[in-house]
Every structure is written in structure tokens, then in C-alpha cells.
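Enquirer: Here's a sequence, model it:
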Amino acid sequence: MHGRTLLGLGSLATAALLALTACGGETGAGGGTASPDGDTVKVGVLHSLSGTMAISEVTVKNAELMAIEEVNAAGGVLGKKLEPVVEDGASDWPTFAEKAQKLIRRDKVAAVFGGWTSASRKAMLPVFERNKALLWYPVQYEGLESSPYIYYTGATTNQQIVPALDYLKEQGKKKLFLVGSDYVFPRTANKVIKAYAAANGMTIAGEEYTPLGSTEYGTLVNKITQAKPDAVFNTLNGDSNVAFFKQLKSAGATSSSLPTMSVSIAEEEVKGIGADNIAGHLVAWNYYMTTPGKTNEAFVKAFKAKYGADKVTSDPMEAGYNAVKLWAAAVEKAGSTDPEAVKKAAGGISLDLPEGKVTIDGANHHMHKTARIGVVQPDGTIKETWNSGEPIAPDPYLKSYPWAAGLS
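Expert: Here you go, the predicted model:
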């Protein structure tokens, strides 16, 4: 599998494999089939409910639980109700591997919906492959990976990062400063960005990384302002974004003088950052709470009714919601919750979801999705300023882009 060559995380992979032993790591199928005499099907929900990533992942967990309730209200799958088993990855990648193994082996779940950071996904990948169990991963990521046991319901690179770069190029932004958290997603995404820039007459004014959870950005902000870029491309994750944007504003940088394009900040993170600190800046996703359509109107209404009128919906949590609905559709088509049967049935399934039409690509397990660029508004919503017009076929290895040759 090509994605393995970009792990760059030997300790994570080792920790994941050690976790197999710690949790009774038998090999073979994950036991994820509905009990013939039981009336429920267990499914795993695995997200960071504590730690630096909780700011982003709690809402994804909530959306997945709402989707499970909706599936149950419609009769469940194969006449059986879904029973969620919720675990906390605690913003710790070896913990994600350990909890995944527990869900598969001890709880015998039919599928797991979970993860956010690429580090958490990379840590879980060998667990799901070794157990031949299914992970439905709901967050945009850096691409250059595919797995027969992972379904990627968020965007891959050509559905988010490349459209974001195309947009900046069209806006005349030729000098970029790259800021990211120090782990696999930002570093790999920036390799892609640098290759794109080299082929499109753009220059990189700087490239800086900070540990997840960092809160001191004064020095970094000084480096950015001194470099005088046309725009910042931001791949910071988690609550570090709160400190970064507050300190960027304090330094006198505005969305007009120094626009920032972010690919991990959605409506939930805007609430945490404070709309007044990020209004006017750009984001790239496939869904916003303001995305038009009756399906999204119903989704937003249901989420607010369940979790509070002040709650917002966002791309990652919508992709988590979608994952449950897509898996349930694949189970019904397969007539079984067996992972191999679900895999055979999943390819080509299309659903009308809050972001619009989403189709499972049977070849690479990614989704056909519409790309959208948005501007953060003073009230915390995101207003779409551009979209791709139709769903973009997933190209996780960027095979259709000559400038990306050699990246994978």
C-alpha cells in the first residue's frame, strides 16, 4: 500500500502494533457481524473527548450519535438497532490504536467511526488491516494513502488543498507562508503545497511548525509579518488556532493585509477562536452550515434540536454523520454487516447528504465531493465564495497532476 511509505511515524506504528498485543491482538477477522440471535449491532465511536483535539472532535462524536439515532428510528440495519460503544482517544495516538483494538476484539463492533488527526489514523491503520475490520474516517487529510479497510468520508488533497491553492492563485496570491502543527498532516500537506507552488509560479516565504497544543505564537507571527507574504496557508490543528489568530490580530495583521487560508478550521473552531479574531479569513471545505438545500436545513435543525440552539454544524461532523449513513446503506445493500461483504457492496453508493450528492469510490474508498471556499463572517458563520460546481472525483495520490509526480 503506497500510503505506508509516508508514515514518517515509526514510533506510532510500533505503538499501534504493541497495542494489538496489549488488547489481545489475535489475527483474523474482527468479528464485526450482527449476532444471528441478537437484536442489536454494535458500532464503535472513537474520538478525542479530552485533550487538545477535543475542541474539534466532540462535535463529530455528537453528529455520529445523531446519525445512529436516525438510522435506528428508520428501522436500524437489517432489522436490528445500532448500539454505539463510545471511546475516548484522548488526543493520544497510541491510545487510538489501543481503543480501536478493544472495540474490534472485545466489543466486536461491526464498524468504527472515528479519528481526526492523521497521526491518529496512521496509528489505527495497522490495527484495522490486521483485524480486517472497517474504519470510517471523517476528516479531510493530506492524501497519498489508501487502505482496503478505511473509508475516507472527508476530503482528500485534490478536493480541498488543491482547490484552495487554485483559489489563492486566481486571487493573485503568489507568496505564501506555511504554518502547521508538527505531525504528519501539515508536513505532508506542505510537501504538496510546495510542489504546486513550484509548478505555478508561486514562492514559499517561510515554513514553520509548532507542537499540537502550542499557545505561544508571538515569535512566529513576527517571522510571518517580516516575510511579507501575500497569504498564510494554515494547517494548525486543535486549540492552537485560538492562540495563533488572537496573536496574529494583536500584531495588527488583518484579513485584508494578510489573508489566511485554513483547512482545519470550521464553524466549531471559529466559536473557540472568537469570530472577531478570524472574521474575513478564508477556509476550504466541502460543507458549511450555510450550504443551501433542504437536506442540510433538516440536518442543521435536527442537530440544534438535539444539542442546543447555539450549536453549529461543520464539515468534519457532517462527514462523520455521512459515514454512518453511507455504512448503513452499504450494509443494507450487502445484506450483512460482515466487513468483506460491506466492502463489495459499498462502491458506487450515492446519497443526498447535507453537503449534496456524495458517492463512494469503490476503487480507493474515498468520496466524490464538491469543493467549497468560504469566508468567515463576523457572526461566526461561513459564507461560501466559490465552489467546484459538481463533485470532484477523489485522486488521493494526485496521479492526474503532473507537478505531483514523485510525491507518493
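
Enquirer: so what's the closest residue in space to Met53 that isn't next to it in sequence up against?
Expert: Take Met53 and drop its neighbours on the chain: the residue closest to it by C-beta to C-beta, 6 or more residues apart in numbering is Ser91, 4.3 Å away. Every C-beta, even on glycine, is put in place using the N, C-alpha and C of the backbone. The contact partners of Ser91, taken as C-beta atoms under 8 Å, 6 or more residues apart in numbering, are Ser48, Ser50, Gly51, Thr52, Met53, Ala54, Leu212, Gly238.

Enquirer: Most neighbours among those, please name it.
Expert: For the contacts of Ser91, the largest number of neighbours (other C-beta atoms under 10 Å) sits with Ser48, at 27 neighbours.

Enquirer: so it touches Ala90, yeah?
Expert: Yes - using C-beta atoms under 8 Å, Ser48 is in contact with Ala90, at 6.1 Å.

Enquirer: Give the helix, strand or coil label for the residue minimising distance to the centre of the chain.
Expert: Geometric centre of the chain, nearest residue: Val139, 0.9 Å, by C-alpha atoms, centre = their mean. For Val139, the secondary-structure state derived from DSSP: H, G, I helix; E, B strand; the rest coil is coil.

Enquirer: circling back to that earlier point, would you mind measuring from the residue nearest to Met53 to His368?
Expert: 31 Å (C-beta to C-beta, to the nearest Å).

Enquirer: May I ask which helix or strand encompasses the nearest residue to Lys191 once chain neighbours are set aside?
Expert: Sequence neighbours aside, Leu407 is the residue nearest to Lys191 in space, at 6.2 Å (criterion: C-beta to C-beta, 6+ apart). According to DSSP states H and E, Leu407 maps onto no helix or strand at all.

Enquirer: what do you get for Phe244?
Expert: Using DSSP H and E, Phe244 falls within helix 240-250.

Enquirer: Just the buried residues of that helix, please?
Expert: Buried residues in helix 240-250, defined by neighbour count with 16 or more other C-beta atoms under 10 Å: Ser240, Asn241, Val242, Ala243, Phe244, Phe245, Lys246, Gln247, Leu248, Lys249.

Enquirer: what's the helix or strand just after it in contact with?
Expert: Beyond helix 240-250 on the C-terminal side, the first helix or strand identified by DSSP H and E is strand 260-262. Judged by C-beta under 8 Å, 6+ apart, the contacts made with strand 260-262 from elsewhere in the structure are 164, 167-168, 231-236, 241, 245, 248, 281-284.

Enquirer: can we see that at 10 Å?
Expert: By C-beta atoms under 10 Å, 6 or more residues apart in numbering, the surrounding residues in contact with strand 260-262 are 161, 164-165, 167-168, 171, 173, 176-177, 179, 224, 229, 231-237, 241, 244-245, 248, 253, 269-270, 273, 278, 280-285, 373, 376.

Enquirer: Please point out which parts of it sit buried.
Expert: If you call a residue buried by 16+ other C-beta under 10 Å, then strand 260-262 has these buried ones: Thr260, Met261, Ser262.

Enquirer: now swap in stretch 328-346 and tell me
Expert: Using 16+ other C-beta under 10 Å as the test for burial, stretch 328-346 gives 328-334, 336-339, 341-343, 345-346.

Enquirer: And stretch 370-381, by the same measure?
Expert: Using 16+ other C-beta under 10 Å as the burial criterion, the residues of stretch 370-381 that qualify are Thr370, Ala371, Arg372, Ile373, Gly374, Val375, Val376, Gly380, Thr381.

Enquirer: residue boundaries of the strands in the stretch 1-150 of the chain?
Expert: Residue ranges of the strands in the stretch 1-150 of the chain, as given by DSSP state E, counting those that start in this stretch, are 40-47, 81-88, 112-114, 135-137, 150-152.

Enquirer: partners of the third one, with directions?
Expert: Strands adjacent to strand 112-114 in the sheet, as given by DSSP bridges, are strand 40-47 (parallel), strand 135-137 (parallel).

Enquirer: Quick one: closest of those strands to Val112.
Expert: Each of those has some distance to Val112 by C-beta to C-beta; the shortest is strand 40-47, at 3.7 Å.

Enquirer: pLDDT on the closest one, on average?
Expert: The average pLDDT within strand 40-47 is 98.

Enquirer: and the angle from it to strand 81-88?
Expert: The directions of strand 40-47 and strand 81-88 differ by 30 degrees, with axes from the mean of the first three to the mean of the last three C-alpha atoms, to 10 degrees as the criterion.

Enquirer: tell me the secondary structure for the nearest residue to Lys249 once chain neighbours are set aside?
Expert: Take Lys249 and drop its neighbours on the chain: the residue closest to it by C-beta to C-beta, 6+ apart is Asn277, 5.2 Å away. Here Asn277 is recorded as helix under three-state DSSP.

Enquirer: show me what contacts Asn277?
Expert: For Asn277, the set of contacting residues under the criterion of C-beta under 10 Å, 6+ apart consists of Asn241, Val242, Phe244, Phe245, Lys246, Gln247, Leu248, Lys249, Ser250, Val270, Val376.

Enquirer: for those, which one is nearest Val324?
Expert: Each of the contacts of Asn277 was scored against Val324 by C-beta to C-beta, and Val270 proved nearest at 24.6 Å.
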